[in-house]
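1. just to be clear, the model below is a prediction. Sequence and coordinates:
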Amino acid sequence: LLIAVLNSTLARYLLGLINPTVNFQVGDLARLPIPEHSSPELERLVNQAIELAQTDSQEDETTYDFIAPPDWYGGIALLQQRQAQLDQIERQIDSAVYQLYGISADDIQAIETELNQGTDTPEEADQQDDQVSNDEEPSETPAVSPLTAPELALKWISYAFGIAIGRFPNSNLQQFISTDGILTVDRATDLVISILENLLDEAAAQQIITTALGNGSPRELLSKYLTKPFFDNHCKQYRKRPIYWYLHSKRKNF
């Protein structure tokens, strides 16, 4: 019940009334009125939303739940479907929460109009008003992909590199795991390619590298990427708290 309420549109509106500032305090949450009873339908919806969010975490390298990136073949489509399903469930949770509080249809429209004020263009606002006044379901629009093919390819390269240094243990790839803690670019390139080929196949490994890095020799592209851009992307991915440390040396002639 608490998870449903605190993640609902109504809670966002009520918290804005309690504390109309950028940040909410513990006391603000304590002042939220919470219904005494939930409903089986609401509990079912919340559990579904949690399961979908956990699946997302299992495909996100920066979470403790990470297992592997989305499938290379069809992973983006599955991610789109999951996001669309989660969006639908969140709307159903909103509706169930409104019902628990006994909010009328007119009040729901007023609440959501106020929350969306300033985020829509006048044309979009007019369209929403027409939809509400006609009691029609909003038309389904194609889901925007949360992940592009090059982004997914980079995730697979990062995953393979993590396996190579033993961060993501894989009992089937023990022979490709470096145990000394330091990898040269050449060695890392060879290991990443071998790991991708074993996880998928040779064609997929080459496709991943060229999709992520452009046309050319997959090995040369990957070697150049691991030399510098990979670490920059890694720092960005981990919000400047890298877990792989970049060693750089220069030979000096005397």
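-> Nice, I can see it. Numbering: from 1, shown residues only.
2. measure residue 42 to residue 170 for me?
-> 40 Å (CB to CB, to the nearest Å). Just so you know, the C-beta spots here come from the backbone N, C-alpha and C atoms, and that holds for glycine as well.
3. again, but for residue 205
-> In terms of CB to CB, residue 205 sits 15 Å off from residue 170.
4. which one of those two is surrounded by more residues?
-> Neighbours were counted for residue 205 and for residue 170 using other CB atoms under 10 Å; residue 205 has more, 24 against 16.
5. and for residue 220, the neighbour number?
-> Neighbour count for residue 220, taken as other CB under 10 Å: 12.
6. mean confidence for the helix or strand where it lies?
-> Residue 220 belongs to helix 218-227 when assigned by DSSP states H and E. Taken as a whole, helix 218-227 carries a mean pLDDT of 97.
7. what is that helix packed up against?
-> If contacts are counted by 3 or more CB pairs under 8 Å, 6 or more residues apart in numbering; DSSP states H and E, helix 218-227 sits against helix 149-164, helix 185-199, helix 202-213.
8. how about a cut-off of 6 Å?
-> helix 185-199, helix 202-213 (3 or more CB pairs under 6 Å, 6 or more residues apart in numbering; DSSP states H and E).
9. so it versus helix 149-164, what angle?
-> Angular relation of helix 218-227 and helix 149-164 on a 0 to 180 degree scale: 80 degrees, by axes from the mean of the first three to the mean of the last three CA atoms, to 10 degrees.
10. okay, buried residues for helix 218-227 please.
-> Of all the residues in helix 218-227, those buried under the rule 16 or more other CB atoms under 10 Å are 218, 221-226.
11. list of residues touching it?
-> Helix 218-227 has contacts (CB atoms under 6 Å, 6 or more residues apart in numbering) with 185, 188-189, 206, 209, 213.
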